[in-house]
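1. got a predicted structure plus its sequence, pasted below:
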Amino acid sequence: FGLAEIIRALETSGRPETIRGVRWPWPSRADLRAGAWPTLRGTAVGSALGVIPGASTLLAALAARGLESGLVPRDRPLGTGAVAGVAAPEAANNAAAQTALVPLLTLGLPGSPVMAVLAGALMIHAILPGPGFIAQNPDLFAALMASLIIGNIILVVLNLPFAGVWAALLRIPFRRLVPLILVISLIGVHSVQNALFDVWLMLGFGLFGWALLRLGLEPTPLVLGFILGPAFEEYLRRTLLFSRGDPMVLLTDPVSAICLALIAAGTIWKMKRIFLPRRSTEGPKQKPL
């Protein structure tokens with residue numbers, strides 16, 4: 001996914017761009033209006049995915065971006081300056097980081113590496129996260145909730161003065177950043193299993209993702225399927241074991257039925273948007289006399 005985005009960016013980075021300085025980082029009214037609904041949708045997506053054990057903030061951001069890619073106007077897709085491309089993934093990322101505490105404190109299952117570190121810190125102090133944590137440690141739970149609020153305030157206070165600095169980083173030509181990004185990506189992939197095969201696999205899928213982008217297809221669903229596929233297969237096997245091999249339990253259970261209905265509705269809506277031509281808003285044209 002990252003390699004495909006790098007190749008696409010290199011294809012369009014030949015045009016000179018003027019990056020204006022940021023005097024005041026507050027968005028304009030037009031940006032606020034354009035980012036209001038994407039922010040709410042991203043918050044909802046991130047909050048829902050954050051409570052799933054094993055989900056991550058990256059998954060929430062990718063899901064929010066995939067949702068917005070089907071909602072933005074065709075004349076200004078994501079990646080061309082659309083506010084939704086920034087507002088929705090960032091809102092989902094922040095929401096998932098907060099709601100990741102839910103599976104940790106209620107089930108004892110860390111949903112991200114940060115939550116795993118927090119769980120380890122609690123266990124060092126003989127505090128076991130899981131059922132009964134809130135009832136047994138009400139003061140600590142209140143302190144955790146307060147730390148979330150204080151932490152977000154500190155982030156705002158620290159980042160607003162440096163918004164101009166972050167914007168100034170855009171003045172660095174992208175072609176100079178490509179080698180650094182590629183080296184970091186290759187090191188990260190190789191360090192997981194210390195296997196050269198993973199590096200070649202990354203390069204192959206990067207070219208495959210670039211081909212999808214050239215064909216006008218969005219690779220984000222492929223990434224989500226790659227991340228969630230093993231977990232979905234595991235839970236499906238458990239469900240079929242509990243139901244003695246009866247797949248109709250997926251339709252009789254209210255929760256799974258609602259999820260399947262939402263998936264079907266989203267798929268039909270997306271296919272309709274792709275294959276059916278848009279209605280013209282200019283009205284019927286009159287023939288010349």
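-> Yep, that arrived. Here the structure is a predicted model, which is why all the values come from computation and not from measurement. Residues are numbered from 1 along each chain as shown.

2. how far away is the most centrally placed residue in the chain from Leu49?
-> Central residue check for the chain by C-alpha atoms, centre = their mean: the C-alpha nearest the mean position is that of Ala61, 1.4 Å away. According to C-beta to C-beta, to the nearest Å, Ala61 stands 10 Å off from Leu49. The C-beta positions use only the backbone N, C-alpha and C, and glycine is treated the same way.

3. and for these two, which residues touch both?
-> Ala92, Ala96 (C-beta atoms under 8 Å, 6 or more residues apart in numbering).

4. what number of neighbouring residues does Ala60 come out with?
-> Applying other C-beta atoms under 10 Å, we find 30 residues neighbouring Ala60.

5. now it: how far from Ala84?
-> For Ala60, the distance to Ala84 - C-beta to C-beta - is 15 Å.

6. if I look at the residue nearest to the residue nearest to the centre of the chain when sequence neighbours are not counted, how far off is Ala116?
-> Excluding its sequence neighbours, the residue lying closest to Ala61 (C-beta to C-beta, 6 or more residues apart in numbering) is Pro89, at 4.0 Å. Note on Pro89: its distance to Ala116, by C-beta to C-beta, is 23 Å.

7. which one of those two has more residues nearby?
-> Comparing Pro89 with Ala116 by other C-beta under 10 Å, the one with more neighbours is Pro89, at 26 against 13.

8. I'd guessed the more buried one sits against Ala64; true?
-> Yes. Counting by C-beta atoms under 8 Å, Ala64 is a contact partner of Pro89 at 5.0 Å.

9. quick revisit: in three-state terms, label the residue nearest to Ala61 for me.
-> Three-state call for Pro89 (DSSP: H, G, I helix; E, B strand; the rest coil): helix.

10. list the contacts for it?
-> Gly42, Ala61, Leu62, Ala64, Arg65, Glu68.

11. okay, now the fourth one: neighbour count?
-> Using other C-beta under 10 Å, Ala64 has 31 other residues around it.

12. excluding chain neighbours, what is closest to it?
-> Ala92 (3.6 Å).

13. and that neighbour, what element?
-> helix 84-99 (DSSP states H and E).

14. same deal with Val165?
-> Val165 belongs to helix 163-168, assigned by DSSP H and E.
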